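[1] okay, sequence plus prediction incoming.
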Amino acid sequence: MHASAPGGQTGRYGKARTRIASADESAQRAENADAPKIPHLLRRISELFAAHKVALATTVVLVLIGAGLSVIPPLLTQRAFDDGLFPVGADGDVMGPNLPVLAWIVGAMIIVYIVSALLGVWQTWLTATIGNQVMGSLRVRLFTHLQSMELSFFTRTKTGVIQSRLQNDVGGVASVLTNTVSSVLGNTVTVISAFIAMLILSWQLTVIALVLLPFMVIAQRRVGQVRARIAGKTQESLSEMTAITQETLSVSGILLSKSFTRQRSEIDRYADENQNQIRLQVKQQMTGQWFFAMVGIFMSAIPAIVYLVSGWLIAGGTADVTAGTIVAFTTVQARLLFPLMGLMRVALDLQTSSALFARIFEYLDLKPSITDAPTAREVTAGPALGRVEFDDVTFRYPDAEGDGRPTLDGVSFTIEPGQFAAFVGPSGAGKTTVSYLVPRLYEASEGTVRFAGEDVRDLSQESLISHIGIVSQETYLFHASIADNLRYARPDATDAELEAAARAANIHETIASFPEGYQTIVGERGYRLSGGEKQRIAIARVLLKDPAVLVLDEATSALDTISERVVQQALDDAARGRTTIAIAHRLSTVVSADVIFVIVAGRVVEQGTHAELVIADGVYASLYRQQEERSVLEA
């Protein structure tokens, strides 16, 4: 049914599928390519740390202390050489080592190292805790936001792509969240402290050591921009790989590929995307390597240049340069350039991660099209509970606005509390859409849908759904025990209540016959159970919920005759005492309905009881005769 099943699976498998991309997916790819253009990105990233101000302040203090301590050993090294190892007497001659002074200096250095190490451990714990908590909160925030999205978002977006945003993208910024604060602060303070120490030791050597620094900064910015673009493409490739894995390695996907002997094509599709991922990863890793290679050469050459310039200064007598000064300066210089390298790498990581943050914020910025009104009310118990009304309802699916006729066109009807109402009609008529609008999984384009006498737009979504139970044709069970699947409807249900619901759904005896009973693991999507068993467990799950309105969306159409008969009995028992809306393909299942609505091309063309509609000899009667004749032939 093209109208009733917007999330259909046509064309999902094989290489041809890679060429069939919806307009939404194409637009999404374009947005991902331009991900770094999310406005106020830096401010929004900084806001993620707002709840950790105390821990961040402590980290800042530790970083400042640690950075300050880091420049003390080089200065002590100068004193160790000039005052301890090679002290100069009053006459200018080099004397023997001054062991007491040397011992004091070495002791001070060891104390500084111990304190720095302890502060480093504390700082690492704080930054790791802050980073992982921020990342965890971001992941939960994104998951929570996706839970609020309307059904149409999921019908047009691959599950694997959504999973990739949660796992790959959020995981990809973990190191940035964990290390950025301490790295930036620590390296910045270290660079400033080292620069001051170098100036104190020798301003001439400082000029030589820093002459190429501006060129490195400019080159780093260019490298970062390139890596950010590659990072966006890399994450998009990861999304595609996750989608392929989720689709083809699920029970349904592997069964389909084996049934059509398409394993090789699926392997080729995955291998092709994997090769693309390898190419992008290598490209991302290699981007800037020449830059860092040149920086490394420069860093390695600086001490040698310092030795040469120091010799020239000493020979010329233009500067007071001692052996201690040279050793201390080269030590401090290393403590300057290594933090500078660290800052540059952090800057590159930030530029790269901006693409990942942008992809995350892109999803967080999505606005659910169906939300509670500020004055939304709870569904109230009363005589109207269970009444469902459509008042001149017109509906088009969001991705089909303006494309031909609407899925539902001016539909009006009223179902009274306790009534059994059935919706029948040819495929694509819009029957299933009715079942989507009642619980407000989609919003009516025009007209009003009422539940218990209230416009569904005036009711809390949670309250509305809590009074509606849905049993669909495609039963979804979790890879868990039967008991856990049943308790999904009511987590606090007792074992006795589970058994009562299972008995009412005509499935208890079957469950009891399993070696593990209610603890039997059903497998992914319930594949260890037969179709009839899955449907009856789904019915039992709905019975545990005990809704005022029961929606049955072709719940038996995929079953064989024997299973259908058993499940239909369970459905009949479940429907007693509550309003029931049945979307039916097999008309034999709704002959006892209180009212039958016949939908053709989005309009209600007939309504009445089975007997009335057969006598009327219209669309329903024609459909019923066709199915009766087919049943006779099959028998």
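    Looks like it arrived, so ask away. Numbers count the residues shown, from 1 in each chain.
[2] please, which helix or strand holds I596?
    strand 595-600 (DSSP states H and E).
[3] export that strand as PDB, just CAs?
    The C-alpha trace of strand 595-600 is given here as PDB (Å, rounded to 0.1, in the frame of the first residue of the first chain):
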ATOM      1  CA  VAL A 595     -19.900  -1.200  11.900                       C
ATOM      2  CA  ILE A 596     -17.800  -1.700   8.800                       C
ATOM      3  CA  PHE A 597     -16.300   1.300   6.900                       C
ATOM      4  CA  VAL A 598     -15.400   0.800   3.300                       C
ATOM      5  CA  ILE A 599     -12.600   3.100   2.200                       C
ATOM      6  CA  VAL A 600     -11.700   3.600  -1.500                       C
END
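[4] average pLDDT for it, rounded please.
    Average pLDDT, strand 595-600: 91.
[5] what is that strand packed up against?
    strand 408-415, strand 420-424, strand 603-608, helix 610-616, helix 619-634 (3 or more CB pairs under 8 Å, 6 or more residues apart in numbering; DSSP states H and E). From N, CA and C alone the C-beta is placed, and that goes for glycine too.
[6] A strand includes D392, no?
    Yes - the assignment for D392 by DSSP: H, G, I helix; E, B strand; the rest coil puts it in a strand.
[7] who's in contact with it?
    Residues in contact with D392, defined by CB atoms under 8 Å, 6 or more residues apart in numbering, are G410, V411, S412, E446, G447, T448.
[8] hmm, 6 Å instead?
    G410, S412, G447 (CB atoms under 6 Å, 6 or more residues apart in numbering).
[9] ramachandran angles for the last one?
    Torsion angles at G447 (phi, psi; degrees, to the nearest 10) stand at phi 80, psi -170.
[10] mind listing what the spatially closest residue to it that is not a sequence neighbour touches?
    Sequence neighbours aside, V393 is the residue nearest to G447 in space, at 3.7 Å (criterion: CB to CB, 6 or more residues apart in numbering). Contact analysis of V393 by CB under 6 Å, 6+ apart lists L408, V411, A444, G447.
[11] most surrounded residue in those residues?
    In terms of neighbours by other CB atoms under 10 Å, the contacts of V393 top out with L408 at 29 neighbours.
[12] pretty sure A80 sits in a strand.
    No - the assignment for A80 is helix, going by three-state DSSP, so no strand is present there.
[13] go ahead and confirm it touches I105.
    Yes - the pair A80 and I105 qualifies as a contact (CB atoms under 6 Å) at a distance of 4.7 Å.
[14] who has more neighbours out of those two?
    Taking other CB under 10 Å, A80 and I105 do not tie; A80 has more neighbours (23 against 20).
[15] let's see the pLDDT reported for the more buried one.
    Per-residue confidence (pLDDT) for A80: 78.
[16] ok, it - contacts?
    Contact partners of A80, counting by CB under 6 Å, 6+ apart, are I105.
[17] the strand or helix carrying V306 - what's its average pLDDT?
    Following DSSP H and E, one finds V306 within helix 289-316. Averaged over helix 289-316, pLDDT sits at 70.
[18] show me the strands in this structure, by range?
    Secondary structure of the chain (DSSP state E): strands located at 388-395, 408-415, 420-424, 446-451, 454-455, 468-472, 549-553, 579-583, 595-600, 603-608.
[19] strand partners of the shortest one, parallel vs antiparallel please.
    Strand 454-455 has the following strand partners under DSSP bridges: strand 446-451 (antiparallel).
[20] the strand it pairs with - what's its average pLDDT?
    Rounded mean pLDDT across strand 446-451 is 92.
[21] contacts for that strand?
    By CB under 6 Å, 6+ apart, strand 446-451 touches E389, F390, D391, D392, V393, T394, L437, D455, V456.
[22] from the centroid of the chain, which residue is nearest?
    L166 (2.3 Å; CA atoms, centre = their mean).
[23] so for that one, what's the pLDDT?
    We note a pLDDT of 76 for L166 in this prediction.
[24] and the gap between it and G382?
    L166 is 42 Å from G382, where distance means CB to CB, to the nearest Å.
[25] neighbours of D268, how many?
    Using other CB under 10 Å, D268 has 12 other residues around it.
[26] one more: E362?
    17.
[27] contacting residues for it?
    E362 makes no contacts at all, as judged by CB under 6 Å, 6+ apart.
[28] likewise for the one 5 residues further on?
    Under the criterion of CB under 6 Å, 6+ apart, K367 has no neighbours.
[29] check what pLDDT it gets.
    K367 is assigned a predicted lDDT (pLDDT) of 85.
[30] and for T475?
    78.
[31] what do you get for L486?
    For L486, pLDDT reads 90.
[32] pretty sure it is touching L498, no?
    Yes - taking contacts as CB under 6 Å, L486 lies within contact range of L498: 5.2 Å.
[33] quick one: closest of the strands of the chain to S137.
    Closest of the strands of the chain to S137 is strand 468-472, at 32.2 Å (criterion: CB to CB).
[34] of the contacts of strand 446-451, grab the buried ones for PyMOL.
    Paste this into PyMOL to select the buried members of the contacts of strand 446-451, with burial taken from 16 or more other CB atoms under 10 Å:
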select buried, resi 389+390+393+394+437+456
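[35] quick one: which of the contacts of strand 446-451 is nearest to I114?
    Nearest to I114 among those: V456, at 67.6 Å, using CB to CB.
[36] so what's that closest one up against?
    R440, V449.
[37] rewinding a little: of L486 and L498, which one has the most company?
    The neighbour count for L486 versus L498, taken as other CB under 10 Å, is higher for L486 (26 against 21).
[38] how far away is that one from A611?
    Using CB to CB, we find L486 at a distance of 38 Å from A611.
[39] next: V456.
    For V456 relative to A611 (CB to CB), the value is 32 Å.
[40] what's the answer for I65, then?
    89 Å.
[41] same question, A601
    Going from A601 to A611 by CB to CB gives 25 Å.
[42] could you pull out the helices for the stretch 151-300 of the chain?
    Ranges of helices in the stretch 151-300 of the chain, per DSSP state H, counting those that start in this stretch, are 151-155, 159-164, 170-172, 174-201, 203-210, 213-248, 251-259, 263-286, 289-316.
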